[in-house]
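Visitor: quick one: sequence and predicted model below, then my questions.
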Amino acid sequence: MKCAYYPGCSLESSSAAYDVSVREVADMLRIELLEIDDWNCCGATEYFSQDELTAAAVVARNLALVDPELDQLVAPCAACYLNLKKTDHLMAENPKLGEKVNQALAAGGLHHRPGRIRVRHLLDVIHTDVGEAAVRDKVVRPLSGVRVAPYYGCQVVRPFTDFDNPEYPMKLDELFTWLGAEVVDYPAKAYCCGGHMTQISESQAFELIRRLLQCAASRNADLIACMCPMCQLNLDAYQGQVNSHFRSDFRLPIVFFTQLVGVAFGIEAKRLGFGKEIVPAETVIRDRLGLPELSSVPQT
Amino acid sequence: MAERVGIYVCHCGSNIAGTVDVEDVVRWAGENIEDVAVSRDYKFMCSSLGQQIIEEDIKTQGLSRVVVAACSPLLHEKTFRRACASAGLNPYLFQMANIREQVSWVTADKAAATQKAKLSVVAAAQRSKHQQPLQPSHVSVNPATLVVGGGIAGIQATLELADAGYHVYLVEREPSIGGHMAQFDKTFPTLDCSACILTPKMSEVGQHEHVTLLTYSELEEVSGSVGNFKVKVRKRARHVKEDACNGCGVCSQKCPKKLIDDAFEAGFGQRKAIYTPFPQAVPRTPVIDTDACVWFQRQKCRVCEKLCPAGAIDFEQQDQIVELEVGNIILATGWKFFDCTKLPQYGYRRLPNVYTAMEFERMCNAAGPTGGKIVLRDGKTEPESVAIIHCVGSRDSQHHSYCSNVCCMAALKFGHLVLEKTHADVYSFYIDLRTSHKDYEEFYQRLLGEGMHFVRGKVAEVTNADRMPLETGKLVVQAEDTLLGKQRRVPVDMVILMGALEPQADATEVGRTCGIACGAAGWFTERHPKLDPVATMTDGIFVAGVCQGPKDIPASVAQGAAAAARVAGMIAKGTVTIEPITASVDEEKCSGCRICNALCPYSAIEFDEEKTVSRVNLALCKGCGTCVAACPAGAITGAHFTDDQILAEIEGALWDARPSGNEHPAAPALVQCTVDSG
C-alpha cells in the first residue's frame, strides 16, 4: 500500500533511530512511504496555544502538499500525527476557519479540502491494515524472553478515539504479542510523559517521568517501547536527572517500537538505530535476544 | 335543504376579546356567511351557561351545524361535542375555530387579528356544512390480561388484577419470577431482606387461581387491538416435566457440569447445567441449559434422568407455542446492568478486586457464592478499605446521560453492609448524593453517623500503578476532591462500581412486537411523562416499572398497581369506545398496491390476500390521514377529513381572495394577513 509520509523534525534529528527503523519496517511490510515534498514543521505543542489560525495554516500546508493520488498520510511522531489530524478536523468542523486557512494557503498556490486525507499513525497502519497474520509471517526472530512495557503516551489515543481506547489502549500490546515478546501489564501505558514540561517546570516533569519508569521497573520490564519522539526523549534523556532528583536507580532502555519490530523481522540492530539511545539497550538486545554485540555507533 | 349553522364567538375573558373585536366578527359572520341561522358571542363559551346557549339554540333554532370560535380544540372540542350531543345534534357536526392560540395570542395587531378571526370562522363554517354525522363504535374488553415480565412491577400488577378476580397470564423469560429484586441482599432504606419481602408475593403469584404463570417463556407475536389482542408465547422446553417434578433438587446436586452463572449470580457465582436459579424460585421446576448440558452437547451423561425420583426429566421435550387472547397487555420487562468493561479506566475484569454492584449484592447475600461474607477474590481475605464509585455509565455523555435513580441509595446501603460486616473503611466517590424519597435523606444521615467517608469527585481511574510504597499491592482510586480542591489518591483493597441501569437488550424489539416506541435513551415511551406515565400511545398496552425509566422498588410497585388499575377499570367498564375518525378503503377502487400498508404509523392496515385489497383496522386507526394522502388510486377516505371538507375549509380561509367574476381565487390577502401579524 502507498502512503504519504510525514517524518516531522524530531525524526530528522534527535529521533533518527525512529526514522530509520520506520523505513526498514515499512519496507519489510510493503508499505510504500512517500515523503511529502518540502514539508514543514508541524509546530509541535506550542503553536496551537498561541494562535490557532496561524498554527492551522502552518500544518495545513503539509496536508495541501500531499500528492493528490494519495489519500492516506502516515506520521510516526505522535505530536505531528495529532497536529495533522487535529487541523484537518478543525477545518471540517469550523468552515470559517477552514476558509481562512485556505486563503492563507492560496498565497502559496495551495489548497486543502478537509476530509480528503486520512491521517494515520504508523501503528494503526501496521495493526489494522497489515494485520496479525502478515506481521507474524515476517517474524524470523521472535522476541521471546524480552519483557516489553508498551508505552503509548497521550497524543495518539486522545482526544481522537477512533484508533484505540483512550484510557486503556491495547494495540501496541497486541503487536508485541504477535512478535513473540513477553508483554508486561503496564497500567501507566497511557499516562502523560510530561511533554515539554521538562523545559517549563522540571520538577513536575520529573515526577511524571519517574512514575512511568517506576511502574515499568516494578513490573520487571526489560525496556519501554515508545511511539513518540517526545516520550522517548523524556524517558531516556532525563532518566539520569530523574535518578539524581529522586535518588532512584532506574536503568531502563527506552526504544521505539519499530526498532523492536525490526529486530523481530531479522533486520540488523545497527540498521535500526540502536546505539543512539542514552540508556543503552545493548545489554537487552545482546542478552535476551542473543544478538551479536553492537559495534560502537557514533551518537548523533 | 340548506343547513342552519350556529356561530358562537367566545371572548375568553380578555384573552380573545382583548385583541379580536368579537362583536365585529359576530356581526360580519351573520351578514356575510351563507346559511348562518344564529351568530352570537359570549364571555366564556366553555362554561355551563355558554354550553346551555348552544343547546338551547340547537333545539329552538333547529341548528344543523355548530361552529365555536374560541381556544384550541385540544382543550374544549370534547366539551362542545358533548353539548351538541346532549341537545340531540350529532357531535361530529360540530367544528371549532381556534382564534386564541392561533390569533389573539400571537399578535398585538387588533385589525389583523380581527380579520384573521373572521377568516377562521368562515373557514370552519364552510367546512361544517360538508360534515356528516358519525357514530363511534364500541368493542368489548376481554377480561384476561397479559403481563410481560415477572419482576416486582409485573408481580404487583398481576396480583392486583388477579385479586380483583380477573385472569392474568404472566410471561417471564427467566426460569423463575422475581426479577432483579430476587438477587439483592437488603433493600434501602429499611434494610429489609429483599427475598423476605419478595418471596411472599412470588408465592402468591405461583399459587393464585387467577394466574397462569408462563416462565422460561418469550413473547413472540401480538396482533389485534385494545380489548382483543391475540398473543403468541413461546414456552421454551425446560426438559423437566412441571407436573411431575417435586423440586427435590437431586438433579442439580448431581449434575457434573458446573459453569459461571451470568444471570442470577451476575457472573460472580456458579450454577449447574440443570438448575433452578435460586432456592426460593417460583416455579420450583428446574431447567436444563442445553448450551451447557453434557447430553445436549456431547451425547453423554443423563445422570439427572437416572437419579430423578419422580421421573420428571424429559430430554425430548419441545418448545410450545401458546396462543392467548387478552384484552390488555402490561409490559414490565425491567432492565439490565451496564457493562463496566466499557470504562476500562476502572479496571473491571482486569483488576481482580473491582466488583460491579450486582456482584457485590450476590456477595452480601447469605445464599450467595461467599455465604454473605465480604471478602476479596481470593475468597478469604477481608478488605481493610472499600471504595464505592457512583455514576459508572450514568450521567456520562459517552454512555448514558440519565441518572439511574437508585445507585446513590444502593451505595449507601453497601457502605452500611461493609461497616456492619467488616472493620473496613468505606469511601463513597460521588458527583451528587441523590437521596430524595421518603426516609432516604435520613438513611444518608445514618451513614454519616456510622462513619462512612464521602469524597465529592468523579473518579478518574482505579489503578494498580503504585507511585509510592503505601500504594503497593492496593487499588488506587484517583479523584479530584472538589470540596477540598485537591487531587486525592486513596489506596483501597476493593472497589465497587455503581453501574447504570440500562434498557433490556431487546427492548426495541419487544416494543415493536407490541406496537409501542422507545425513547432516545431506550426506555418505553409513556403517553405523557407527567400525567400518564403508565399508558402508551397504543391503547391497551401499558408499561410499568424500570422499563419505563429507572426507578426504585416503591415506584415500580406503584406503577405496577397503576397499570393494573387502568386495566381493571377498562375490564369493569366492559367496552372501549373507538372514535369514528378513521380511514376506510373503497375496495372497488383499491388495486392492492399495498403502499398504504407500509406507511401506516400504527400498523393499522391489513391486506386481504384473497380479495387483494387493503383494509383498515378501525380499532388501530388513529385517523392521521397518511394513507388517504398516499393512495395513488384515491381509494381511501378519511372520515371527518374528506376532500370536500378540507377544500371547503380552504375556500373559506381564502375569503378575501374570492373572485368577483369567474377568475381563480389568489391567496395574497391571507398571506399578507399572517405576515403582518407574525
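Guide: That came through, no problem. Here the structure is a predicted model, which is why all the values come from computation and not from measurement. Residues are numbered from 1 along each chain as shown, chains lettered A, B, ... in the order given.
Visitor: spell out which residues of chain A are next to chain B.
Guide: Counting by C-beta under 8 Å from any C-beta of the partner chain, chain A comes close to chain B at A:Asn165, A:Glu167, A:Tyr168, A:Pro187, A:Ala188, A:Tyr191, A:Arg211, A:Gln214, A:Cys215, A:Ser218. In this view, the C-beta of every residue, glycine as well, is placed from N, C-alpha and C.
Visitor: what distance separates the start and the end of stretch B:100-120?
Guide: Start-to-end span of stretch B:100-120 (C-alpha to C-alpha, to the nearest Å) is 11 Å.
Visitor: pLDDT averaged over that stretch - what is it?
Guide: Per-residue pLDDT over stretch B:100-120 has a mean of 96.
Visitor: buried stuff in that stretch?
Guide: Buried residues in stretch B:100-120, defined by neighbour count with 16 or more other C-beta atoms under 10 Å in any protein chain shown: B:100, B:102-107, B:112-120.
Visitor: ok, these vs chain A, which is closest?
Guide: Distance to chain A, by C-beta to the nearest C-beta, is smallest for B:Val106 among the buried residues of stretch B:100-120, at 35.3 Å.
Visitor: re the thing from before, in helices, which of the residues of chain A next to chain B fall?
Guide: Using DSSP state H, A:Arg211, A:Gln214, A:Cys215, A:Ser218 are the members of those that sit in helices.
Visitor: so what are the domain limits for chain B?
Guide: B:5-134+B:646-677, B:145-335+B:503-573, B:336-502, B:583-637 (automatic domain parsing).
Visitor: tell me how far the ends of the shortest one are from each other?
Guide: The stretch domain B:583-637 measures 6 Å between its terminal residues, going by C-alpha to C-alpha.
Visitor: now the second one
Guide: Domain B:145-335+B:503-573 has its terminal residues 15 Å apart, counting by C-alpha to C-alpha.
Visitor: likewise for the third one?
Guide: As for domain B:336-502, its first-to-last residue distance stands at 5 Å under the measure C-alpha to C-alpha.
Visitor: by proximity to chain B, which residue of the stretch 1-150 of chain A wins?
Guide: Residue nearest to chain B within the stretch 1-150 of chain A: A:Ala149 (11.0 Å; C-beta to the nearest C-beta).
Visitor: in what helix or strand does A:Asp185 lie?
Guide: Using DSSP states H and E, A:Asp185 sits in no helix or strand.
Visitor: so who does it touch?
Guide: For A:Asp185, the contact set (C-beta atoms under 8 Å, 6 or more residues apart in numbering or on different chains) comprises A:Arg219.
Visitor: can you give me the pLDDT of it?
Guide: pLDDT recorded at A:Asp185 is 94.
Visitor: in the stretch 351-500 of chain B, which spans are strands?
Guide: B:354-356, B:385-392, B:425-430, B:453-456, B:459-463, B:475-481, B:486-492, B:494-499 (DSSP state E, counting those that start in this stretch).
Visitor: tilt between the last one and strand B:459-463?
Guide: Going back to what we said before, that points to strand B:494-499. Interaxial angle, strand B:494-499 versus strand B:459-463 (axes from the mean of the first three to the mean of the last three C-alpha atoms, to 10 degrees): 140 degrees.
Visitor: just checking strand B:494-499 against chain A, any contact.
Guide: No. Counting by C-beta under 8 Å from any C-beta, chain A has no neighbours in strand B:494-499; the shortest distance is 14.1 Å.
Visitor: most neighbours among the residues of chain A next to chain B, which one is it?
Guide: Counting neighbours by other C-beta atoms under 10 Å in any protein chain shown, A:Cys215 leads those with 25 neighbours.
Visitor: contacting residues for the closest residue to that residue other than its chain neighbours?
Guide: Once flanking residues are discounted, A:Cys215 sits nearest to A:Ala188: 4.0 Å by C-beta to C-beta, 6 or more residues apart in numbering or on different chains. Applying C-beta under 8 Å, 6+ apart to A:Ala188 gives the contacts A:Tyr151, A:Arg211, A:Leu212, A:Cys215, A:Ala216, B:Thr463, B:Ala465.
Visitor: max pairwise distance over those: which two?
Guide: A:Tyr151 and B:Thr463 (15.1 Å; C-beta to C-beta).
Visitor: between these two, which has more neighbouring residues?
Guide: Remark: of A:Tyr151 and B:Thr463, A:Tyr151 carries more neighbours, 27 against 23, as counted by other C-beta under 10 Å.
Visitor: quick one: name the residues of chain B near chain A.
Guide: Counting by C-beta under 8 Å from any C-beta, the residues of chain B lying close to chain A are B:Leu343, B:Pro344, B:Gln345, B:Arg350, B:Glu461, B:Thr463, B:Asn464, B:Ala465, B:Asp466, B:Arg467, B:Thr472.
Visitor: between these, which sits nearest B:Gln645?
Guide: Among the residues of chain B next to chain A, B:Leu343 lies closest to B:Gln645 (C-beta to C-beta), at 58.0 Å.
Visitor: contact partners for the closest one?
Guide: B:Leu343 sits next to A:Glu167, B:Val392, B:Gly393, B:His399, B:Leu497 when contact means C-beta under 8 Å, 6+ apart.
Visitor: for it, give me the pLDDT.
Guide: 96.
Visitor: contacting residues for the spatially closest residue to B:His416 that is not a sequence neighbour?
Guide: Distances taken as C-beta to C-beta, 6+ apart put B:Leu447 closest to B:His416, at 6.0 Å, once the chain neighbours are dropped. Residues in contact with B:Leu447 (C-beta under 8 Å, 6+ apart) are B:Leu412, B:Gly415, B:His416.
Visitor: most neighbours of all those, which one?
Guide: Going by other C-beta under 10 Å, B:Leu412 tops the contacts of B:Leu447 with 27 neighbours.
Visitor: what's stretch A:131-143 in contact with?
Guide: By C-beta under 8 Å, 6+ apart, the residues outside stretch A:131-143 that reach it are A:28-29, A:126, A:174-176, A:178-182, A:260, A:263-266, A:288-289.
Visitor: and if we set it to 6 Å?
Guide: A:Met28, A:Trp178, A:Leu179, A:Gly180, A:Ala181, A:Ala264, A:Phe265, A:Gly266 (C-beta atoms under 6 Å, 6 or more residues apart in numbering or on different chains).
Visitor: what about the fifth one, distance to A:Pro76?
Guide: Yep, that's A:Ala181 we're talking about. 20 Å (C-beta to C-beta, to the nearest Å).
Visitor: neighbour count winner among these two?
Guide: A:Pro76 (31 against 25).
Visitor: and the strands of the stretch 351-500 of chain B as TSV, adding mean pLDDT?
Guide: Formatted as TSV, these follow (pLDDT from 0 to 100):
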stretch	mean pLDDT
strand B:354-356	98
strand B:385-392	98
strand B:425-430	98
strand B:453-456	98
strand B:459-463	97
strand B:475-481	98
strand B:486-492	97
strand B:494-499	98
